[in-house]
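Undergrad: fold the following.
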Amino acid sequence: MSAFQYLLVYNSISFTFAAMAAATIFLWFGRSEVAPPYRTALVISGLVTAIAAYHYFRIFQSWEAAFLFENGVVSNTGYAFNDAYRYVDWLLTVPLLLIELVLVMRLSRDETVSKATRLGVAAALMVILGYPGEIADSNGTRALWGFLSTIPFAYIVYELFSGLSRAIETQPPQVRSLLKQARLLTFASWGFYPIVYMAPFAGLDGPTANTTIQIGYTVADLVAKVGLGILIYIIAIRKSEIEMTKTTPVQA
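TA: Model (predicted):
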């Protein structure tokens, strides 16, 4: 591994840890600025970034332990870099990302429970099926588990653009475009993970493949968690203002 590759991953992980931690503080403090029905969505959104911040701290520690950087030269220490931290993080946060999107829409109780449960289970299954391929030694095994992981991913995409489309149309006109942006951001960022996952099939191997995967996953995490969290906050603020306007009596 070159010094550039090592430092690129090192600094990107450090930056992402700080970004996740800052987003957590922002979202949790922002909870008091929205109406009560939307506070749970912000709590969960902040929980997503808090969990991610912890795991990025652990990823950072593992990266430091796996490599020794001295005098511009990178060498292996003998300790294996633990990429499982990412999958533990995703197993916890990916279902929550979909749940926060459902909660900020403030659907009926039955519809909220139904959609959150279906999407959450599918998201967890997608992560679980992807992990064996991530740690596989052969591209064939990686491709097999990657294909299996795309089955629940395809279901999630269907729900986002079919099931949630009808629900979005019931939302106030002022937030429909924001909800569509949040849905598109979720799809785009999640769609980037499989592309990174398949990096070894592009002829990349060794440190180049490792660097590409680490940077790719890190960028996707920033967009999917911090980016979506900010959108959820904006939607919650906008819907709170709309509801406050409706309940404020008109002065004669």
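
Undergrad: which residues of the protein fall in strands?
TA: Secondary structure of the chain (DSSP state E): strands at 67-70, 73-76.

Undergrad: got CSV for the ones you listed, with mean neighbour count too?
TA: For the C-beta atoms, the positions are set from N, CA and C on the backbone; glycine is no exception. What follows is these, written out as CSV (neighbours: other C-beta atoms under 10 Å):
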stretch, mean neighbour count
strand 67-70, 14
strand 73-76, 12
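
Undergrad: now the helices for the chain?
TA: With DSSP state H applied, the chain shows helices at 3-30, 39-66, 84-105, 109-134, 139-158, 164-168, 173-197, 206-221, 228-247, listed in chain order.

Undergrad: lowest-confidence stretch among the ones you listed?
TA: Least confident of the helices of the chain, judged by mean pLDDT, is helix 164-168 with a mean of 81.

Undergrad: quick one: contacts for the residue lying closest to Lys180 once chain neighbours are set aside?
TA: The shortest distance from Lys180 to any residue that is not its chain neighbour, by C-beta to C-beta, 6 or more residues apart in numbering, is 6.4 Å, and that residue is Ile168. Under the criterion of C-beta atoms under 8 Å, 6 or more residues apart in numbering, the neighbours of Ile168 are 105, 176, 179-180, 183.

Undergrad: do the same with Ala35
TA: 236, 239-240, 243-244.

Undergrad: if we go to 6 Å?
TA: The contact partners of Ala35, by C-beta atoms under 6 Å, 6 or more residues apart in numbering, come to 240, 243.

Undergrad: what about it, distance to Arg106?
TA: Using C-beta to C-beta, to the nearest Å, one obtains 9 Å as the distance from Ala35 to Arg106.

Undergrad: Val175 touches Ala236, doesn't it?
TA: No. Taking C-beta atoms under 6 Å as the contact criterion, Val175 and Ala236 are not neighbours in contact, 9.4 Å apart.

Undergrad: the two: which has the busier surroundings?
TA: For Val175 versus Ala236, the count of surrounding residues by other C-beta atoms under 10 Å is larger for Ala236: 28 against 21.
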